[in-house]
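In: just a sequence and a predicted model for now, questions to come.
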Amino acid sequence: MQACGLSTNRDTKFQQYYVKGEQLYIQHCSNCHQKDGRGLGLVYPPLAQSDYMTQNVDQVLCLMKYGVAGEIVVNGKAFNKEMKGVFSLTDLEVAEIATYIYNTWEHNQGIIDIADVTKAHQKCGN
Ligand code: HEC
């Protein structure tokens, strides 16, 4: 209907974020969390179907860049090993990775925008 043009635009942007996000994920994250997002035993937590991700979007946008330490419970399993963030990531790159991981492996969050990242980063100390 009326929103048609707009939604096509959004789809294009979504696709661009998603494709770029997948490349960045493979480059920066898949060593530990694996290409299939399942993580590695009790060492690296899964992103696939992660309830932590669903409940803590802002924290996830922060930890990609700034890292995280302390206990994190994902799908009932406790993990406690420091993750170093990738400090060189721009807000756009964080948004692209987030759009990828939040719309893969049964996550269905829709696009995560630069503005979402900027807002989240203001809360996590920068
Ligand atoms: C060197 C290994 C390593 C790399 C590289 C890494 N992580 Fe992590 N990640 C971890 C560990 C370990 C934890 C658990 C941290 C804790 O116990 O406090 C974690 C936690 C997480 C969590 C929260 C828990 C969950 O499973 O939902 C998310 C989301 C996440 N990482 C995403 C990413 C993304 C996206 C990247 C790439 C930008 C990335 N990680 C790169 C090791 C890594």
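Out: Received it, and whenever you're ready, just let me know what you need.

In: for Glu106, grab phi and psi.
Out: When read as degrees, to the nearest 10, the backbone of Glu106 gives phi 70, psi 10.

In: got a list of what it touches?
Out: 48-49 (CB atoms under 8 Å, 6 or more residues apart in numbering). Heads up, the C-betas are built off the backbone N, CA and C, glycines and all.

In: and it, how far is that from the ligand?
Out: 13 Å (CB to the nearest ligand atom, to the nearest Å).

In: what secondary structure does the residue sitting nearest the centre point of the chain sit in?
Out: In the chain, the residue lying closest to the centroid (CA atoms, centre = their mean) is Ala98, at 3.1 Å. Under DSSP: H, G, I helix; E, B strand; the rest coil, the three-state class of Ala98 is helix.

In: give me the mean pLDDT for stretch 95-112.
Out: Average pLDDT, stretch 95-112: 97.

In: can you give the distance of it from its chain's centre?
Out: Mean-position distance between stretch 95-112 and its chain equals 6 Å (CA atoms, centre = their mean, to the nearest Å).

In: for that stretch, C-alpha coordinates in PDB please.
Out: Taking only C-alpha atoms (Å, rounded to 0.1, in the frame of the first residue of the first chain), the coordinates of stretch 95-112 have been written out as PDB:
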ATOM      1  CA  ALA A  95      25.000  -2.000  13.700                       C
ATOM      2  CA  GLU A  96      25.800  -4.200  10.800                       C
ATOM      3  CA  ILE A  97      27.100  -7.100  13.000                       C
ATOM      4  CA  ALA A  98      24.100  -6.700  15.300                       C
ATOM      5  CA  THR A  99      21.700  -6.800  12.300                       C
ATOM      6  CA  TYR A 100      23.300 -10.000  11.200                       C
ATOM      7  CA  ILE A 101      23.400 -11.800  14.600                       C
ATOM      8  CA  TYR A 102      19.900 -10.500  15.600                       C
ATOM      9  CA  ASN A 103      18.400 -11.900  12.400                       C
ATOM     10  CA  THR A 104      20.100 -15.300  12.100                       C
ATOM     11  CA  TRP A 105      19.800 -18.500  14.200                       C
ATOM     12  CA  GLU A 106      16.200 -18.000  14.900                       C
ATOM     13  CA  HIS A 107      16.600 -14.400  16.100                       C
ATOM     14  CA  ASN A 108      14.100 -12.100  14.300                       C
ATOM     15  CA  GLN A 109      14.700  -8.600  15.600                       C
ATOM     16  CA  GLY A 110      14.800  -6.600  12.400                       C
ATOM     17  CA  ILE A 111      17.400  -4.000  11.500                       C
ATOM     18  CA  ILE A 112      19.500  -2.500  14.200                       C
END
